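Peer 1: Predicted structure and sequence below. I'll ask about it afterward.
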Amino acid sequence: MVKYLCIFKAYLLEKLYYIWDMFLGLISFGTMIFIFLNLWLYIFSTGDNLISGYSCTQMIWYTIITELIWFSTSTKILTDDISYDVKSGRIACILSKPYNYIVYIISKYFADLVIKMLIFIPFGLAIGFVFVGPIEFDIKNLLFILIVFILSAFINALIKICISFSSFWLDENKPFHWIYDKFILVLGVLFPIELFPAFMQPFIKVTPIFVVTYGPARLAVNFSSQVFWGLIVNQVIYILIFLILVSLIYKKGVKKINANGG
């Protein structure tokens, strides 16, 4: 565990050195929030106090939180870096190192996530407070929400690692990342599940959308112990499933490398 903490710390310091480059992401982040902020303000200006159970303030904060998750968890570490390691053969050298490659990647991912959160959270909070004001929030629920956010980020990492490990067999896996990203963006980031047709909602709630974006944001804007425990159970199930998948795919990929002479 200590060596992975060292990897986390080393990458954290590296990202801090180039932190000003990461501030450029605030432009895209701010643009997306500005667009949907004005969209929801216009929609609610027609006189509706609630839309699918959300007030204007809740809807805008939901958008801010899901965008925060989206931008904070988007990183080349889980996509381009893994694909490059596999395609270039660099992973064959990494296999001789005294650490597990999967845990090594996740350690770097969470270091990147921490830096992005430190940048995006104050910016997102500032926009929310300025344009719609604070949302009703009990500070006692902060720890529960933080746990859910960490687990959602971990699940997202496992799914993307699974996709990236397809590089062991495929020359190009970017289309699969694109499909996954757009799936999460359209159905879980831009709009809450309640806005979709009733027949679609049960199906969406058993997809990664529920545990990665919608669930954490829904919990933050309207905390409920029932939603929290339901979300935690689903997140644990997803973690177990994708931990098994990542391990199996990685082992098969490593065997393929060894069979081809490393």
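Peer 2: Thanks, I have the structure now.
Peer 1: For the rest of this, base every contact and every neighbour count on C-alpha atoms.
Peer 2: Fine.
Peer 1: do you know how far the residue nearest the centre of the chain is from D181?
Peer 2: For the chain, the residue nearest the mean C-alpha position is T73 (4.0 Å; C-alpha atoms, centre = their mean). T73 is 11 Å from D181, where distance means C-alpha to C-alpha, to the nearest Å.
Peer 1: how about the residue nearest to the centre of the chain, what does it touch?
Peer 2: 113, 153, 156-157 (C-alpha atoms under 8 Å, 6 or more residues apart in numbering).
Peer 1: For ChimeraX, write the selection for the buried entries among these.
Peer 2: Buried residues among these (16 or more other C-alpha atoms under 10 Å), as a ChimeraX selection:
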select :113,153,156,157
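Peer 1: Out of the contacts of T73, flag the one nearest to I60.
Peer 2: Taking C-alpha to C-alpha as the measure, I60 lies nearest A153 of the contacts of T73, at 21.5 Å.
Peer 1: mind listing what S167 touches?
Peer 2: S167 sits in contact with 83, 86-87, 173, where contact means C-alpha under 8 Å, 6+ apart.
Peer 1: Could you say which of those is surrounded by the most neighbours?
Peer 2: Sorting these by how many neighbours each has (other C-alpha atoms under 10 Å) puts S83 first, at 26 neighbours.
Peer 1: and the contacts of S167 as a markdown table, adding pLDDT, secondary structure and distance to Y54?
Peer 2: Putting those into a markdown table (pLDDT from 0 to 100; DSSP: H, G, I helix; E, B strand; the rest coil; distance: C-alpha to C-alpha, whole Å) gives the following:
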| residue | pLDDT | secondary structure | distance to Y54 |
| --- | --- | --- | --- |
| S83 | 87 | helix | 41 |
| V86 | 84 | helix | 45 |
| K87 | 81 | helix | 46 |
| N173 | 85 | coil | 38 |
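Peer 1: would TSV of these with distance to L37 be doable?
Peer 2: Compiled in TSV, the contacts of S167 are given as follows (distance: C-alpha to C-alpha, whole Å):
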residue	distance to L37
S83	36
V86	41
K87	42
N173	34
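Peer 1: ok, those residues vs D48, which is closest?
Peer 2: N173 (43.9 Å).
Peer 1: How about stretch 192-204, which residues are buried there?
Peer 2: For stretch 192-204, the neighbour count (16+ other C-alpha under 10 Å) marks 192-193, 204 as buried.
Peer 1: any idea how far that stretch is from the chain center?
Peer 2: Mean-position distance between stretch 192-204 and its chain equals 20 Å (C-alpha atoms, centre = their mean, to the nearest Å).
Peer 1: What of stretch 186-195?
Peer 2: In terms of C-alpha atoms, centre = their mean, the centre of stretch 186-195 is set 15 Å apart from its chain centre.
Peer 1: cool, stretch 238-255 as well?
Peer 2: For stretch 238-255, the distance to the chain centre is 19 Å (C-alpha atoms, centre = their mean).
Peer 1: and it, what's its mean pLDDT?
Peer 2: Averaged over stretch 238-255, pLDDT sits at 90.
Peer 1: before we move on, what about stretch 49-61?
Peer 2: Rounded mean pLDDT across stretch 49-61 is 85.
Peer 1: do you know how far I105 is from I82?
Peer 2: To I82, I105 is 8 Å away according to C-alpha to C-alpha.
Peer 1: And those two? Which one has more around it.
Peer 2: I82 (24 against 19).
Peer 1: Please tell me how far that one sits from S74.
Peer 2: Noted for I82: a distance of 14 Å to S74, by C-alpha to C-alpha.
Peer 1: got it, and L146?
Peer 2: When distance is defined by C-alpha to C-alpha, L146 is 18 Å away from S74.
Peer 1: now I65
Peer 2: According to C-alpha to C-alpha, I65 and S74 sit 14 Å apart.
Peer 1: What of P202?
Peer 2: As judged by C-alpha to C-alpha, P202 and S74 stand 26 Å apart.
Peer 1: With P122 instead?
Peer 2: From P122 across to S74, the span is 18 Å (C-alpha to C-alpha).
Peer 1: For these two, indicate the residue with more neighbours.
Peer 2: For P122 versus S74, neighbours defined as other C-alpha under 10 Å are more numerous around S74 (19 against 11).
Peer 1: Much appreciated, bye for now.
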